[in-house]
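>>> coordinates only, sequence not included:
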C-alpha cells in the first residue's frame, strides 16, 4: 500500500475507532469486534478474551508463522471520560483541522491502533519469517487490568513473543524506561457524634489528615534518595500524591468515614515496598491504637486499585535496538507516566514505548494527534517489514 493511501486508510480507521465511546467504565466490545474482523479479513489468527463481566475484552491476533520470537504491536482501547462542555466539538466524532485530528483517544492511543490495523494487510502479503502480533487491551486507564489478563494468557502459551512495541503517545521518541504506577484507596472507619463533643467520637477525616501528613513526610524522604539510575527521570525520585478525599456528612457532625485515593510513581520497585511498609506501620502502631482507645471497632482498610511495575532500563533490549534503527533516533529517553510495558517485560520480553502524538494532549479537552505524527508512525511500521522478513 502506497504511503498516501496508507495514511488515508489510517485516518479512515481512526475515525471509526473514535466513534466507539470506549470510556473505561463502559464496554469496548464494538471496537474489539471491528478490529477482529479487519484482522481476520487479513488472515490473522484472532483470539478475543472477555473479562469476568463479559462486557470488555482483549484482542490478540497473529500474522505469520506459529513460532516464538514474534513482535507485538500493543495498544489499549479504553479512553478517559469527557466533559463535553469543555470540548469545541463532539469528542466521539473525529474532526480534521489544520493538520490535526481531534477526538477522544486520537493520541491516547487509538492513533497507534489505527496505524497498526492499516498496516496489517501489508504484513499479511509478506513472506513473514517472524510473527507479528496485535494486542489490544481493555481498562489500561484504571489499572491495566486487560494487560494483566493478557500477560497471564501469554505466560501459559506454548509460543511466546520476544519483543513488544507499546504505542503510547511519545511524539515518536523512543522510551526505554518509565516509572511504575501504584494506586490505592485507604478508608478510615471511626464513629460519629455531635460536633460539640469531638472527643467522644473518632473523626475519620482527622485520622485521614494524619495519614496524608505521614505520606508527605515519606515523600520528602524519597526526594533525598536518588541515584544515577533515577537521575534521568523528571522528577528524579519516587513521588507520592493524594488525588481525592471523601468523607463526613455535615460540618457539625463527627465524620464517621473518610476515604483517601492516593498513588505513587516509584523509580525503583524497592521504593514501592518501602512506602507501603512505612504507611502500614504508621497505621498499625500509631493511628489504629489512637482510634481504638475511643472506639474499639475502628478500622483502617487499604484497597489496591492497581500495582503496575515500571519499565526497567536494560543493557540488552532488542525492542529498543529495532525501533531506534527504524526511527533514526540517536538517544532513548525515560518518562514519568506509566504504561503496560512493565507487564510485558515481566514475561522476559524486550519492550519499548514509542507512538504518535504527545502525552500533553492525553486526557485533555480537544485531544488531538497531528497527521505528521501518524506519518512518522506509519514509516516506522513500514520499516518493520524488513525485520519481520528475517528469522528471529
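That came through, no problem. Computed from a predicted structure; not experimentally measured.
>>> For the rest of this, base every contact and every neighbour count on C-alpha atoms.
OK.
>>> what separates stretch 281-290 from the chain centre, distance-wise?
Relative to the chain's own centre, stretch 281-290 is displaced by 33 Å; criterion: C-alpha atoms, centre = their mean, to the nearest Å.
>>> what about it, how long is it end to end?
Start and end residues of stretch 281-290 are separated by 14 Å (C-alpha to C-alpha, to the nearest Å).
>>> Low-confidence stretches in this structure?
Residue ranges of the chain with pLDDT under 70: 1.
>>> Tell me which residue lies nearest the centroid of it.
The centre of the chain sits closest to residue 339, judged by C-alpha atoms, centre = their mean, with a distance of 3.7 Å.
>>> okay but it is in contact with residue 167, surely?
No - taking C-alpha atoms under 8 Å as the definition, residue 339 is not a contact partner of residue 167, at 9.6 Å.
>>> Tell me if the residue nearest to the centre of the chain really is in a helix.
No - under the criterion used here (DSSP: H, G, I helix; E, B strand; the rest coil), residue 339 is coil, not part of a helix.
>>> who's in contact with it?
Each residue near residue 339 by C-alpha atoms under 8 Å, 6 or more residues apart in numbering is listed here: 140, 166, 168, 178, 310.
>>> phi, psi of it?
phi -140, psi -180 (degrees, to the nearest 10).
>>> Residue numbering should commence at 147 henceforth.
Yep, numbering from 147; the last one is residue 485 now.
>>> about what we covered before: now the contacts of residue 485 in TSV, with secondary structure and neighbour count?
TSV is the format used below for the contacts of residue 485 (DSSP: H, G, I helix; E, B strand; the rest coil; neighbours: other C-alpha atoms under 10 Å):
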residue	secondary structure	neighbour count
286	coil	21
312	strand	24
314	coil	31
324	strand	28
456	coil	27
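>>> now for the residues you listed, which pair is the farthest apart?
286 and 324 (15.5 Å; C-alpha to C-alpha).
>>> who does the helix or strand harbouring residue 364 touch, helix- and strand-wise?
Element membership for residue 364, per DSSP states H and E: helix 350-369. Applying 3 or more C-alpha pairs under 8 Å, 6 or more residues apart in numbering; DSSP states H and E, we find helix 350-369 packed against strand 327-335, strand 385-393, strand 403-411, helix 415-428.
>>> Can you say which of the ones you listed is nearest to residue 525?
Among these, if distance is taken as C-alpha to C-alpha, the winner is strand 327-335, at 30.9 Å.
>>> Which residues does the closest one contact?
289, 350-351, 353-354, 402-412, 418, 444-456, 483-484.
>>> and if you look at stretch 359-368?
Outside of stretch 359-368, the residues within contact range by C-alpha under 8 Å, 6+ apart are 383-386, 421, 424-425, 428.
>>> got it, and stretch 224-242?
Residues outside stretch 224-242 that contact it (C-alpha under 8 Å, 6+ apart) are 160-161, 164-170, 174, 247-251, 254-255, 283-287, 509, 511-512.
>>> Same question for stretch 234-253: list its buried residues.
In terms of neighbour count (16 or more other C-alpha atoms under 10 Å), stretch 234-253 has its buried residues at 237-242, 246-253.
>>> With stretch 193-212 instead?
Buried residues in stretch 193-212, counted by 16+ other C-alpha under 10 Å: 194-196, 202-210.
>>> May I have the distance across it, first residue to last?
14 Å.
>>> Residues contacting that stretch, please?
Contacts of stretch 193-212 with the rest of the structure, by C-alpha under 8 Å, 6+ apart, involve 172-175, 178, 182, 185, 189-192, 269-270, 273-284, 292-293, 296, 305.
>>> can you check stretch 407-417 too?
Counting by C-alpha under 8 Å, 6+ apart, 324-332, 376, 379, 382-391, 418, 455-456, 482 sit against stretch 407-417.
>>> Selecting buried members of those in PyMOL, what would you type?
Buried residues among the contacts of stretch 407-417 (16+ other C-alpha under 10 Å), as a PyMOL selection:
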select buried, resi 324+325+326+327+328+329+330+331+332+376+379+382+383+384+385+386+388+391+418+455+456+482
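>>> so where do the helices sit in the stretch 147-296 of the chain?
Taking DSSP state H, counting those that start in this stretch as the test, the helices found in the stretch 147-296 of the chain are 149-164, 175-187, 257-270, 291-302.
>>> helices or strands up against the last one?
Just to be clear, that refers to helix 291-302. Right, helix 291-302 is packed against strand 203-209, strand 278-283, helix 487-491 by 3+ C-alpha pairs under 8 Å, 6+ apart.
>>> what lines up beside the second one in the sheet?
By that I understand strand 278-283. When sheet partners are counted by DSSP bridges, strand 278-283 sits next to strand 203-209 (antiparallel), strand 217-222 (parallel).
>>> Tell me, domain by domain, which residues of this protein belong where.
Domain ranges of the chain: 149-324+455-534, 334-452, per automatic domain parsing.
>>> Deepest in the core, which of those is it.
With neighbours defined as mean count of other C-alpha atoms under 10 Å, these peak in mean count at domain 149-324+455-534, which reaches a mean of 20.
>>> so how far does that domain reach from one end to the other?
For domain 149-324+455-534, the first and last residues are 19 Å from each other (C-alpha to C-alpha).
>>> just how off-centre is it within its chain?
From the chain centre to the centre of domain 149-324+455-534 is a distance of 11 Å (C-alpha atoms, centre = their mean).
>>> can you pull out the strands in the stretch 397-538 of the chain?
403-411, 445-454, 479-481, 496-499, 514-516 (DSSP state E, counting those that start in this stretch).
>>> Make JSON lines out of these and add distance to residue 215.
Formatted as JSON lines, the strands of the stretch 397-538 of the chain follow (distance: least, C-alpha to C-alpha, whole Å):
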{"stretch": "strand 403-411", "distance to residue 215": "31"}
{"stretch": "strand 445-454", "distance to residue 215": "24"}
{"stretch": "strand 479-481", "distance to residue 215": "25"}
{"stretch": "strand 496-499", "distance to residue 215": "11"}
{"stretch": "strand 514-516", "distance to residue 215": "31"}
